[in-house]
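1. structure for the following, please:
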Amino acid sequence: MNIHPSGSRLVRILRLCARGSTATGYRNCRTLIQKHRFETLRKQNGLSGHLRNCMGLTLIRFQYSERIHQIPSEAEDVNNCDRDTKDSSVLSDPSSGSSVKGTSSQYSGPTSEGSSTEWKDASPTEMTSWEQFCNELRQCTSPSDVLDLYGHSEMAWKYTSNALTTMWETIKRMSDDQRRYEQKLMFEHPLFEKICQKALKEAQLMSCNDLVYSLFALVKMGVNQQSRLIQTLLRVSQERLNEFDERALSVLSSCLTNMEESKNVISLRAGLRLLIELRFSQIKTVVALQTIMRCIGKESSMPLKKKLEDKALSLLNRFTLPNLQYMFITLAVMGYRSYPLLDSCSSRIIENIHGIPFWRLVHILQSCKDLKYRNPALLTAAGNHVASMLSVWEVKQLTLLLVLFAELGFRHMELLDGFAEMVMARSESLNSKDVLSTLRVFSLLNHRPGEERDEQFLQTLVDLFQSYLSRYSSLELVRGVYYLCSMGHYLPAALNQLFQDDILNDLQCPDHPNRVSNERILQYIKLGVEIDNPSFAVLESVTIADPLLPSVAVNSAVKEMVEAILGDSSLYRCGSVLRNIHFIDFEIALDQERKIAVPFPQDDELAHVTNIQRVAVICAPASAFCLGSVHPKDRLALKVRHLKTLGYQVALIYCEVDIVGVLQCQSLLDDVKQTPVFFLM
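-> So this is what the prediction gives:
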């Protein structure tokens, strides 16, 4: 006899009910059967719980020891800036590191939500005891305080769950040193083993939210993830997954993201994805939708991501400003670049750009970088906003934003010039990391603050970099020297320190995680010194791995165009490589008197011919230029400068495989054939 899957599920539920009623003494099984649907966080948690919803993405992507250099949790941002928001876009997660202003170490997880559900049938005496326990729990400032209080309280499962969560709430706000000390005291406390044993025995009795909050707290506090306690909580969560609402799913997904691989973790992740597909049609609110999108992560199927994208577009008119901002982060968690969603959210964020606080703006830019989403209008609006805040924000905050702009390839000239003025006026406020970040931004974007201020700005950075030389690691040193070389400056003290045998051996060690990148940077530095400063004697004894030939193919469409225009293959060279580093697509010898292209001699001796000018034609993709411009950046700018130093004239072709690119090549090569006036950089 074949049994329908729905019938099998009903049998399992009835067995669970029978087992639960026997074990817990329930008079009926109504409390164990929940309708599988999502409720809004406002209805479930009340207004205070709704405003304290937060996300676990920031603790996953950003681990911070200094607040200013790293990105804080989204909850900090929401609680400080959006307490009056009626429909928050962020999700419930106990990993947030903030509390409502005016409270100390308060916790809005199972303590508040459970008192109106699991305890509604309790006697007045039990309620009084519970309320007293909650009030005393809010006064605890360390895990040891919580354990002492727990030892004098009734041993009900509700007490255990809230005690564990409050222990994590207190410990996560401490400094690293204090946290390690308190964790040591906690593990040595005589009641810690007792509370863990209690949680192990009562896992089946806990409510869904108490279960996931207990699991989250134990994992965050450093309990061995392969221990029987953690694995039991994972197994119980898997058994009761159908009972979880969106808040429990959100906390559980945040917990699973950072957990070590195990059979229970893998099974639970798979169960989460299946549950989402089953409940997809029941999503009614923006908050629930974003919870679901976050839960599925990057491992979900593309059809499911597409369905969630369509659902989000259908709810777009309900998005509040926090919803719009959080959608960027949600899509980054999914690893899904949805242009319709991103473009729609960007247009509304631009209208309210001045109302976005600093850390929220950092989250948006970081998500754009992760998604490789470059919207010129959004970045321009963000750049204008940052430029208007130059006198308000600190140098450390500005360098963080500028690095994100640079990694997105966006060059906001007003912002960069204003920041350069700030650096020259307040150079003492930059620490060693700020100096490296500033060098990186200006070298990556190939930006100079203006002819009259260029030398002063560069000299300020050089002096700062030299003052911190002794503090830099070998990796920071090689990157700082490379940034300076990209800007055309060679600091002898830094070069001498870099080319010491011990530092070179460390950078090129086979076990070094960045060995390939380090070798490439060293090759660029060596080539730059040979070209710009050939008198530097240390290079003779320097041992640097020989560069490999670049594996770059000539653009076939451009080659056909060159062949058609010049008409003779002897009038150009195709795919030459300079010093095994710089690839030149086409090299042309131009007679300046007759204004025509001439064949290359067999011996390639053009240096003694005074009227012959070498022209290097370089086909570069859009990513080699600053966003929305033809300004070369990074390696392309370095190649252009090296070629000019060697006597080449450089013609850059914005070369994409499309009609526009071909037309640009046609126009440029017509000029090469008839006249020495090029589109020169």
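2. C-alpha only now, for contacts and for neighbours.
-> Will do.
3. list the contacts for Cys208?
-> With contact set as CA atoms under 8 Å, 6 or more residues apart in numbering, Cys208 has these partners: Ser237, Arg240, Glu243, Phe244, Ala248.
4. please redo it, this time with the cut-off set to 7 Å
-> With contacts defined as CA atoms under 7 Å, 6 or more residues apart in numbering, Cys208 is in contact with Phe244, Ala248.
5. how near is it to Arg614?
-> Going from Cys208 to Arg614 by CA to CA, to the nearest Å gives 74 Å.
6. just Leu522 next, same as before
-> From Leu522 over to Arg614 (counting by CA to CA), the distance is 28 Å.
7. so the two - more neighbours on which side?
-> Just comparing Leu522 and Arg614: by other CA atoms under 10 Å the higher neighbour count belongs to Leu522, 24 against 19.
8. name the helix or strand for the more buried one, please.
-> Under DSSP states H and E, the secondary-structure element containing Leu522 is helix 515-532.
9. that helix packs against which elements?
-> For helix 515-532, the packing partners by 3 or more CA pairs under 7 Å, 6 or more residues apart in numbering; DSSP states H and E come out as helix 474-486.
10. okay, the helix or strand following the helix it packs on in PDB with CA atoms only?
-> The element immediately downstream of helix 474-486 (helix or strand, assigned by DSSP H and E) is helix 492-498. This file holds the C-alpha atoms of helix 492-498, laid out as PDB (Å, rounded to 0.1, in the frame of the first residue of the first chain):
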ATOM      1  CA  PRO A 492      65.800  55.200  -1.300                       C
ATOM      2  CA  ALA A 493      65.400  54.300   2.400                       C
ATOM      3  CA  ALA A 494      62.300  52.200   1.700                       C
ATOM      4  CA  LEU A 495      63.900  50.500  -1.300                       C
ATOM      5  CA  ASN A 496      67.000  49.600   0.700                       C
ATOM      6  CA  GLN A 497      64.900  48.100   3.400                       C
ATOM      7  CA  LEU A 498      62.700  46.200   0.900                       C
END
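11. tell me where the stretch 101-250 of the chain has helices.
-> Taking DSSP state H, counting those that start in this stretch, the helices of the stretch 101-250 of the chain run over residues 110-114, 124-138, 143-151, 157-171, 176-188, 192-201, 208-220, 228-239, 246-257.
12. list the helices and strands the last one packs on?
-> Under the contact criterion of 3+ CA pairs under 7 Å, 6+ apart, the helices and strands touching helix 246-257 comprise helix 208-220, helix 286-296.
13. quick one, strands of the protein?
-> Residue ranges of the strands in the chain, as given by DSSP state E, are 572-578, 582-591, 596-598, 612-620, 649-654.
14. what's the closest of those to Asn317?
-> Nearest to Asn317 among the strands of the chain is strand 649-654; the distance by CA to CA comes to 39.0 Å.
15. relative to strand 582-591, how tilted is that closest one?
-> Per axes from the mean of the first three to the mean of the last three CA atoms, to 10 degrees, the angle that strand 649-654 makes with strand 582-591 is 120 degrees.
16. tell me what strand 649-654 is packed against?
-> strand 612-620.
17. need the residues that contact the strand it packs on.
-> Contacts with strand 612-620, where a contact means CA under 7 Å, 6+ apart, come from 584-592, 606, 648-655.
18. how does it look with 6 Å?
-> Counting by CA atoms under 6 Å, 6 or more residues apart in numbering, strand 612-620 makes contact with 584-591, 648-655, all of which sit outside it.
19. pLDDT (mean, whole number) over stretch 370-388?
-> Confidence over stretch 370-388 (mean pLDDT, whole number) is 93.
20. what comes up buried for it?
-> Of the residues in stretch 370-388, those with enough neighbours to count as buried (16 or more other CA atoms under 10 Å) are 370-371, 373-375, 378-379, 381-387.
21. between these, which is nearest Gln282?
-> Of the buried residues of stretch 370-388, the one sitting nearest to Gln282 (CA to CA) turns out to be Leu371, at 28.1 Å.
22. OK, contacts around the closest one?
-> By CA under 6 Å, 6+ apart, the contact set of Leu371 is Ala332, Arg337.
23. so which of the buried residues of stretch 370-388 are in helices?
-> Asp370, Leu371, Leu378, Leu379, Ala381, Ala382, Gly383, Asn384, His385, Val386, Ala387 (DSSP state H).
24. once you drop chain neighbours, what's closest to the fourth one?
-> In space, Leu379 comes closest to Phe410 once its chain neighbours are excluded; the distance is 7.3 Å by CA to CA, 6 or more residues apart in numbering.
25. burial check on that neighbour, number of neighbours?
-> When neighbours are counted by other CA under 10 Å, Phe410 registers 23.
26. ok, now the one 4 residues further on?
-> The local packing of Glu414 (other CA under 10 Å) involves 14 other residues.
27. kindly state the pLDDT recorded for it?
-> We note a pLDDT of 92 for Glu414 in this prediction.
28. now it. Nearest residue, chain neighbours left out?
-> Leaving aside its sequence neighbours, Glu414 is closest to Ala387 (7.0 Å, by CA to CA, 6+ apart).
29. ok, the one you found touching Leu415?
-> Yes: the pair formed by Ala387 and Leu415 meets the contact definition of CA atoms under 6 Å, at 4.9 Å.
30. and the ones in helices among the buried residues of stretch 370-388, which is closest to Leu274?
-> Checking these against Leu274 with CA to CA, the nearest one is Leu371 at 25.3 Å.
31. biggest separation within the ones in helices among the buried residues of stretch 370-388, which pair?
-> The distance between the two most remote of these (CA to CA) is 24.5 Å, for Leu371 and Ala387.
32. need phi/psi at Asn446.
-> The phi/psi pair for Asn446 (degrees, to the nearest 10) reads phi 50, psi 50.
33. which helix or strand in this structure has the lowest average pLDDT?
-> Considering only helices and strands, the least confidently modelled element of the chain by mean pLDDT, DSSP states H and E is helix 57-61, at a mean of 29.
34. low-confidence bits of this protein, can you list those?
-> Counting by pLDDT under 70, the chain contains low-confidence residues at 1-127, 153-157, 534-535, 537-541, 547-551, 594, 601-610, 655-681.
35. how many neighbours does the residue nearest to Thr380 when sequence neighbours are not counted have?
-> With sequence-adjacent residues excluded and distances taken as CA to CA, 6+ apart, Thr380 is closest to His412, at 7.2 Å. Counted with other CA under 10 Å, the neighbours of His412 add up to 21.
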